[in-house]
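Student: Sequence plus predicted model, see below.
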Amino acid sequence: MSEKHLIQAISEKYKAMPRRRRVAEVRKFARRSSDDAKFWQKYFPDLCQEAFLAPVSSAGGRSAKRR
């Protein structure tokens with residue numbers, strides 16, 4: 001199996017998982033070492049972005065109540 005097909009198969013496996021489990025798995029593997037994090041960022045940028053995306057509620061800064 002070529003590298004390209006292997007990466008595609010792994011990506012499809014993770015995308016078939018429920019979102020919460022997928023995010024947990026990606027975070028678990030990417031946080032083991034800096035090399036693992038680089039691997040995930042290089043070969044699976046979409047999964048990595050989804051796993052380490054800031055929650056929408058914290059991205060706004062101020063709340064609407066503080067006007």
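Tutor: Sure thing, it's come through. Numbers count the residues shown, from 1 in each chain.

Student: where does the chain dip in pLDDT?
Tutor: Counting by pLDDT under 70, the ranges of the chain that qualify are 54-67.

Student: need the helices for it, in chain order.
Tutor: 3-16, 19-30, 34-43, 45-51, 56-59 (DSSP state H).

Student: got those as a markdown table, with mean neighbour count columns?
Tutor: In this view, the C-beta of every residue, glycine as well, is placed from N, C-alpha and C. Output for the helices of the chain, formatted as a markdown table (neighbours: other CB atoms under 10 Å):
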| stretch | mean neighbour count |
| --- | --- |
| helix 3-16 | 11 |
| helix 19-30 | 14 |
| helix 34-43 | 13 |
| helix 45-51 | 15 |
| helix 56-59 | 7 |
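
Student: Tell me which residues touch Ile10, please.
Tutor: By CB atoms under 8 Å, 6 or more residues apart in numbering, the contact list for Ile10 reads Phe44.

Student: rerun at 10 Å
Tutor: Contact partners of Ile10, counting by CB atoms under 10 Å, 6 or more residues apart in numbering, are Tyr43, Phe44, Leu47.

Student: and what of Arg31?
Tutor: Under the criterion of CB under 10 Å, 6+ apart, the neighbours of Arg31 are Ala37, Trp40, Ala51, Phe52.

Student: right, and the pair among the residues you listed with maximum separation?
Tutor: Ala37 and Ala51 (10.6 Å; CB to CB).

Student: Between those two, which contacts overlap?
Tutor: Shared contacts of Ala37 and Ala51 (CB under 10 Å, 6+ apart): Phe29, Ala30, Arg31.

Student: how close does the last one sit to Glu25?
Tutor: Pointing back at Arg31 there. In this structure, Arg31 and Glu25 are 11 Å apart, going by CB to CB, to the nearest Å.

Student: anything in contact with each of those two?
Tutor: By CB under 10 Å, 6+ apart, Arg31 and Glu25 have these common neighbours: Ala51.
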